[in-house]
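**Student:** Sequence and predicted structure are below.
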4 protein chains.
Amino acid sequence: MTQSSGKIRMGMVGGGQGAFIGDVHRLAARLDGDIELVCGAFSRDPENCRITGEALGVAPARSYTDFNEMMRTEAALPANERMEFVAIVTPNHVHFPVAKAALEAGFSVLSDKPATLNLEEALELRKIVQANNGLAYGLTHTYLGYPLVGEARGIIESGGIGKVRKVFVEYIQGWLATEVENKQADWRTDPARSGGSGCMGDIGTHAHNLAEFMTGKRMTHVAADLSIFVEGRRLDDDGSALFKMEDGVKGTLSASQVCVGVENGLSIRVYGETGGLEWHQEEPNTLKRTYSDRPTELIRAAQGYLSEGAQGWFRTPPGHPEGYIEAFANCYREFGKALRSQGGVASGIDAAVRGMAFIEALLESSENDSAWTEIKQ
Amino acid sequence: MTQSSGKIRMGMVGGGQGAFIGDVHRLAARLDGDIELVCGAFSRDPENCRITGEALGVAPARSYTDFNEMMRTEAALPANERMEFVAIVTPNHVHFPVAKAALEAGFSVLSDKPATLNLEEALELRKIVQANNGLAYGLTHTYLGYPLVGEARGIIESGGIGKVRKVFVEYIQGWLATEVENKQADWRTDPARSGGSGCMGDIGTHAHNLAEFMTGKRMTHVAADLSIFVEGRRLDDDGSALFKMEDGVKGTLSASQVCVGVENGLSIRVYGETGGLEWHQEEPNTLKRTYSDRPTELIRAAQGYLSEGAQGWFRTPPGHPEGYIEAFANCYREFGKALRSQGGVASGIDAAVRGMAFIEALLESSENDSAWTEIKQ
Amino acid sequence: MTQSSGKIRMGMVGGGQGAFIGDVHRLAARLDGDIELVCGAFSRDPENCRITGEALGVAPARSYTDFNEMMRTEAALPANERMEFVAIVTPNHVHFPVAKAALEAGFSVLSDKPATLNLEEALELRKIVQANNGLAYGLTHTYLGYPLVGEARGIIESGGIGKVRKVFVEYIQGWLATEVENKQADWRTDPARSGGSGCMGDIGTHAHNLAEFMTGKRMTHVAADLSIFVEGRRLDDDGSALFKMEDGVKGTLSASQVCVGVENGLSIRVYGETGGLEWHQEEPNTLKRTYSDRPTELIRAAQGYLSEGAQGWFRTPPGHPEGYIEAFANCYREFGKALRSQGGVASGIDAAVRGMAFIEALLESSENDSAWTEIKQ
Amino acid sequence: MTQSSGKIRMGMVGGGQGAFIGDVHRLAARLDGDIELVCGAFSRDPENCRITGEALGVAPARSYTDFNEMMRTEAALPANERMEFVAIVTPNHVHFPVAKAALEAGFSVLSDKPATLNLEEALELRKIVQANNGLAYGLTHTYLGYPLVGEARGIIESGGIGKVRKVFVEYIQGWLATEVENKQADWRTDPARSGGSGCMGDIGTHAHNLAEFMTGKRMTHVAADLSIFVEGRRLDDDGSALFKMEDGVKGTLSASQVCVGVENGLSIRVYGETGGLEWHQEEPNTLKRTYSDRPTELIRAAQGYLSEGAQGWFRTPPGHPEGYIEAFANCYREFGKALRSQGGVASGIDAAVRGMAFIEALLESSENDSAWTEIKQ
């Protein structure tokens, strides 16, 4: 799919000046030196688009103000020049149309999450992906890029904690504890751009995705209570849910953006019949493993005792902390391998659909007095 | 109520050889040197009772095998000799009959929790307490004896974190993750001796009590899902609930005894409009305080910057860790002051009733598909 | 040595109102209910002595204002009434005369550390102890009373970390970072009452004692640099030393009372050929154990996997933090057993002599431009 | 010095296949997208050099097997094509000859540390740098690239902890606790390639550099004891030193590579008259600040309350951990700014000379029975 000798050629939609996540995507894509940004529709504002492209070393002719134009123009380029995939880093409501346009124009897609604005779109997107099965579709659920998350999954998969019973997962932050007006906050609290859920759509989905990935179980039912604590806000800024997973697993999931002073508190604890695992995103290089009859262990990043699978996910030796950008770069690296048909992605169209189904179930349950509600995909 | 010159005279029901909590009560009662154990109905087994009494320096004549006999005999002693209060340290199902007998015989009561086997008994007990208003009734919700718990309550009460919005409280352990057969486990998993709930009655009530005490708010509704994970067990060994408190506070509460490798994980986080507080029982000498625009603070035990109220609750300077026994001793000390009419207790008959009402609401909700259920007291 | 039926009878010298450590000794002695305070020379001020004795329930006739009088009077009492040992809780310069008087009057001694004001006195005390070999002599090196300190010693002794190579030990505090005038600070900074060293004598000795106890090796040489940071102070308030132990072990030892904001920071790390151990007094219920090829383990208090020897040192189950008072009570408990000839004490007259020899070597080295100086005992 | 429109053009000496630090340099140089690797003398082995260059996208003609040839050839290229600076990532003994050759050929230099094999070479290098003052010389003391290290320096500089009194700095690891034979270990333990010191030269210099940078004080004297614990090793694998700095500051410095199970334990604590600071490289996003009369604060990466200077050093919001690679990239970014004459570097030729003088003083002291020895530069 790519030329054997060269870097993978990436295009980007979104990520103009003033955006946050676009920069992070570029840091991540750049880190390992295997991906090259060749074009972009960074902004609908021509000036912003031009300046951004220039700063990024993109040829002026390939800085587009319209993503459809980008698809058309790039598709017409020679195979060894045109972009190979599109990174979508826009606000949520634009994820779907761009992904659709890209896939239909023959380009693989690596999209920021959530994949779409609602479940209906996600189901449609799945059809499009399935209809273009030579193309890759990935979702940057960044936190799956942390190597110890994968290590935890492996431990559970191989029976290391016995049959899973209980999961505690949460993703809490404090930055929206008061009315905030800035570019980041504005679209996240606007139903038209963010979808039916605010906090849960923005970060609760990460918690859901992490719980399913680490346990290897699908969440089947939720009983949820979403809240708006900041007066005047139109979307949930907090919520908690009881949940059930396959095979009798139970748990709780909380997401909040009003926990004052909490930075980026994604954490998960999983307990099985014979052991437990605990991981915190803010200290991602330690995985705590508990036993019934032995001391708790601190499993550490990059150590030789990690599983073979984990070894390739680190760039530096133990004690040299790797963080968010490296995790994000791992997502890009994994997507790059998928492009070259060397594997799948941890988070693809199925995760995309499941994430939207999770949000819809949460909203339905919360509106229905927290009644148990099935996640239908 | 007590002689001005002497120690407070305590009797004890329960706490014979092989019991756990009786020893802890005695350590706590003894620590400050203000309380003297003068009699006990330690066990219905005469030999156990005799040996226990002897080991504790109790006069043989005052080691009773029947608590009713203890009440009668002690009541007949001269006022400056007879016990002044009874510490109840039996399995749950005996708490109520002993408390009733003691109060009706004119003795104050300091009871292990839960106060009774069910709400009905608790309501009856409340009547008895109210009818004997010269007597003190206290419940050893040990964790309220940790000074930084009181400090947190004070910070919240004085507006230090703004209007409270969200509470996360949990109490998880791992010791019942498999079938356990020993004295401690047996009665806790037996409905006849433990009441309608296992894990929630045993430790979930502590979480409920802590949440209400720290926030100063009453929990009003729960949506709960209780579980039995260990096959053959007859009472819940795990459970989680969404809850609502007065004034729009929301939260989650979890209790579990199947979280393998977790020791005694009671913890609470409270977030208000302008700040947050976090406390963990296993590291009780640190209280974490978060702000929106300033570094997180580690408030530490025994420091001069603590509130005036907290100062008297420590026995050693900062950096000399005080723990569970000291917290328990604080409960005894506070009860001693109440006996001498110098104050109330943090946890008395109202907390007792509310604890039972909480359990009943949990059970009702869980049986009713986790429907929101009112806590009716 | 004691009556089979009763508690051990303790006398106390020092510990009048306003003192700190006397209270701690009494809390510790009282906790397990096996020791009874029967007499005391709490203060040379008759009023203070009387009030203290009364508050402690000591018979007025046995509250003495002169410790020599106490020795004479108690020695004349019947064997089953008189005190069995003296707890010495005075400022440092009085430790030796009281210990001498007590031993010569036939009483065992449990002394606060340091044992004496200087090495010369310690050597004389050793002769007295040796001449009275029916009597017990103990030093309350409190920190040896923490069960995980003993567990660490056991691990090292049994080869658990291989041949020991390197030790880092320190005891730092911040409370004397400025000129302080209060009862606690005054005598600690007065050469006449504290001895030739301030900070090192007060807390550095604990670090020395802990290092020797945990490794089972004697410290043989020091190269030290003591400092006075607060203007006008007459004794060291800070110091660091390189040291050598038997069998090629090397290390560093620091003690300071000017580390602003540090509470009671005693900590030790020991590394051997195959593993390491790390312990912090402020979080005493965790012992960190490191390996070359396996995850770091968190060894926790009261767990079933601890060595048999450790099991009896806890009063509550895992996760119920025990702290400084319990550690201190363990010292009393161990001393009580020694009195009843069931064992020795972790810290006796040899530790006393070695502590003083350590201080003298530090002072000599520091005055001699940090030259390597032998610890001669 | 660079073209206004393009990336900074970097050459590299060292970093062929099998090397470690070369990769890290390239990750760091690449992260922000401002630097381009245009040529390299990656290995003296032609095959290794060719493969490495190809994998990195370097034009075959610019993959040199000899660094002198690289200097000559590059110097002959047009100004807007030839490399602008050389990154030196070889074993220690080659640092100096390459730096000398580069500077004399007109190229700026960013060298791995230590700058040279000994002080004599460092002094010569300083002359060369001074003689070429249009060129930049930088040393990758990576740990200065952590933003909170700079924040700490700023706090101290502005009097935030008062006059500095005491510093504890250490850098300990465990990976050389046994005889190790691999590419990384081999040259580090070979005097010919590593210089007169092993552990101290490799990591002790980082500790020295960090202490001087954070406090803004020069270390003036050391009393050191270096050790070889692993039999047969020819250079120190462990050592500790007492030290003195300007203005009466005292401290201890330890470095070790035999602390089994420790990963990359660089940490520093600085105490002044009114406060303290504590930082650990393995948890680099938290800086602990202590006070005498207020709670300890946890200063966190990327927070808005940090100094203005710190704000530009982060790439992601609070709670998104940045680590070693980002710190390294900050060193490259700062060097890039220096190249463009927008500022100096935290660690340049003076730090290079001081680092070597520190090592020489350590060696002299250790050979001289730990006598106090002046650091003469």
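**Tutor:** On my side now, so go ahead. Numbering: from 1, shown residues only, chains lettered A, B, ... in the order given.
**Student:** Now do the helices in the stretch 201-350 of chain A.
**Tutor:** A:205-215, A:308-311, A:324-339, A:349-367 (DSSP state H, counting those that start in this stretch).
**Student:** Any chance of those in JSON lines with distance to residue D:159 as columns?
**Tutor:** C-betas here are computed from N, CA, C, even on glycine. Below are the helices of the stretch 201-350 of chain A laid out as JSON lines (distance: least, C-beta to C-beta, whole Å):
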{"stretch": "helix A:205-215", "distance to residue D:159": "42"}
{"stretch": "helix A:308-311", "distance to residue D:159": "46"}
{"stretch": "helix A:324-339", "distance to residue D:159": "34"}
{"stretch": "helix A:349-367", "distance to residue D:159": "51"}
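**Student:** which of these has the lowest average pLDDT?
**Tutor:** Of all these, mean pLDDT reaches its minimum on helix A:308-311 (a mean of 90).
**Student:** chain center to stretch A:275-282: distance?
**Tutor:** In terms of C-alpha atoms, centre = their mean, to the nearest Å, the centre of stretch A:275-282 is found 19 Å from the chain centre.
**Student:** Check stretch A:224-240 too.
**Tutor:** 22 Å.
**Student:** Next, count neighbours for residue A:368.
**Tutor:** 12 (other C-beta atoms under 10 Å in any protein chain shown).
**Student:** low-confidence ranges in chain A?
**Tutor:** Low-confidence segments of chain A (pLDDT under 70): A:1-5, A:342-343.
**Student:** Any chance of the backbone angles for the most centrally placed residue in chain A?
**Tutor:** Nearest to the geometric centre of chain A sits residue A:141, at 1.8 Å (C-alpha atoms, centre = their mean). Reported as degrees, to the nearest 10, the phi and psi values for residue A:141 are phi -80, psi 80.
**Student:** out of the helices of the stretch 201-350 of chain A, nearest to chain B?
**Tutor:** helix A:349-367 (10.2 Å; C-beta to the nearest C-beta).
**Student:** CA-only coordinates of stretch A:244-251, as PDB, when you get a sec.
**Tutor:** C-alpha atoms of stretch A:244-251 as PDB (Å, rounded to 0.1, in the frame of the first residue of the first chain):
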ATOM      1  CA  LYS A 244     -22.800  -5.000  33.300                       C
ATOM      2  CA  MET A 245     -20.500  -6.800  30.900                       C
ATOM      3  CA  GLU A 246     -20.500 -10.200  29.300                       C
ATOM      4  CA  ASP A 247     -19.900 -13.200  31.600                       C
ATOM      5  CA  GLY A 248     -21.300 -11.600  34.700                       C
ATOM      6  CA  VAL A 249     -18.700  -8.800  35.100                       C
ATOM      7  CA  LYS A 250     -20.100  -5.800  36.900                       C
ATOM      8  CA  GLY A 251     -18.700  -2.300  37.400                       C
END
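**Student:** Just give the number of residues close to the residue lying closest to residue A:218 once chain neighbours are set aside.
**Tutor:** Among residues not flanking residue A:218 along the chain, residue A:246 sits closest, at 5.3 Å (C-beta to C-beta, 6 or more residues apart in numbering or on different chains). Number of residues near residue A:246 (other C-beta under 10 Å) recorded here: 13.
**Student:** Hmm, residue A:246 is touching residue A:221, no?
**Tutor:** No - applying C-beta atoms under 8 Å, one finds residue A:246 not in contact with residue A:221, separated by 10.4 Å.
**Student:** Let me know the outermost residue of chain A.
**Tutor:** residue A:293 (36.4 Å).
**Student:** hmm, back to that, wait, doesn't the residue nearest to the centre of chain A sit right on residue A:334?
**Tutor:** No - between residue A:141 and residue A:334 there is no contact under C-beta under 8 Å: 10.9 Å.
**Student:** Between these two, which contacts overlap?
**Tutor:** residue A:346 (C-beta atoms under 8 Å, 6 or more residues apart in numbering or on different chains).
**Student:** Now residue A:107: closest residue in space that isn't a chain neighbour?
**Tutor:** Using C-beta to C-beta, 6+ apart, the closest residue to residue A:107 is residue A:86 (5.2 Å).
**Student:** For burial, what's the neighbour tally of that neighbour?
**Tutor:** With other C-beta under 10 Å as criterion, residue A:86 counts 28.
**Student:** List the residues that contact it.
**Tutor:** Residue A:86 sits in contact with A:10, A:11, A:12, A:13, A:98, A:99, A:102, A:107, A:108, A:109, A:110, where contact means C-beta under 8 Å, 6+ apart.
**Student:** from those, which two are the most distant?
**Tutor:** A:10 and A:99 (14.8 Å; C-beta to C-beta).
**Student:** Could you pull up phi and psi at the nearest residue to residue A:178 once chain neighbours are set aside?
**Tutor:** The spatial neighbour of residue A:178 that comes closest, neighbours along the chain excluded (C-beta to C-beta, 6+ apart), is residue A:230 at 6.4 Å. Backbone geometry at residue A:230, expressed as degrees, to the nearest 10, gives phi -90, psi 120.
**Student:** so what's residue A:230 up against?
**Tutor:** A:176, A:177, A:178, A:179, A:237, A:258.
**Student:** Quick one: name the residues of chain A near chain C.
**Tutor:** Applying C-beta under 8 Å from any C-beta of the partner chain, one finds that chain A approaches chain C through A:289, A:293, A:294, A:295, A:296, A:297, A:298, A:299, A:300, A:303, A:304, A:305.
**Student:** hang on, the earlier thing: how close does the residue nearest to residue A:218 sit to chain D?
**Tutor:** 31 Å (C-beta to the nearest C-beta, to the nearest Å).
**Student:** what do you get for residue A:90?
**Tutor:** From residue A:90 to chain D the distance is 19 Å (C-beta to the nearest C-beta).
**Student:** Flag every residue of the stretch 201-350 of chain A that's near chain D.
**Tutor:** Counting by C-beta under 8 Å from any C-beta, the residues of the stretch 201-350 of chain A near chain D are A:262-265, A:281-285, A:300, A:315-326.
**Student:** thinking again about what came up before, sec struct for the residue nearest to residue A:107, please.
**Tutor:** Recorded secondary structure, residue A:86: strand (DSSP: H, G, I helix; E, B strand; the rest coil).
**Student:** does it have beta-bridge partners, and which?
**Tutor:** Residue A:86 forms beta bridges with residue A:11, residue A:109, as assigned by DSSP bridges.
**Student:** which parts of the stretch 201-350 of chain A sit against chain B?
**Tutor:** Contact residues, the stretch 201-350 of chain A versus chain B (C-beta under 8 Å from any C-beta): A:223, A:225, A:227, A:229, A:238, A:240-242, A:250-252, A:254, A:256, A:258-262, A:269, A:271-276, A:290-292, A:296.
**Student:** Any idea how many residues pack against the residue nearest to residue A:298 when sequence neighbours are not counted?
**Tutor:** Once flanking residues are discounted, residue A:298 sits nearest to residue C:296: 4.5 Å by C-beta to C-beta, 6+ apart. Around residue C:296 there are 22 other residues, counting by other C-beta under 10 Å.
**Student:** Before I go, just wanted to say thanks for your time.
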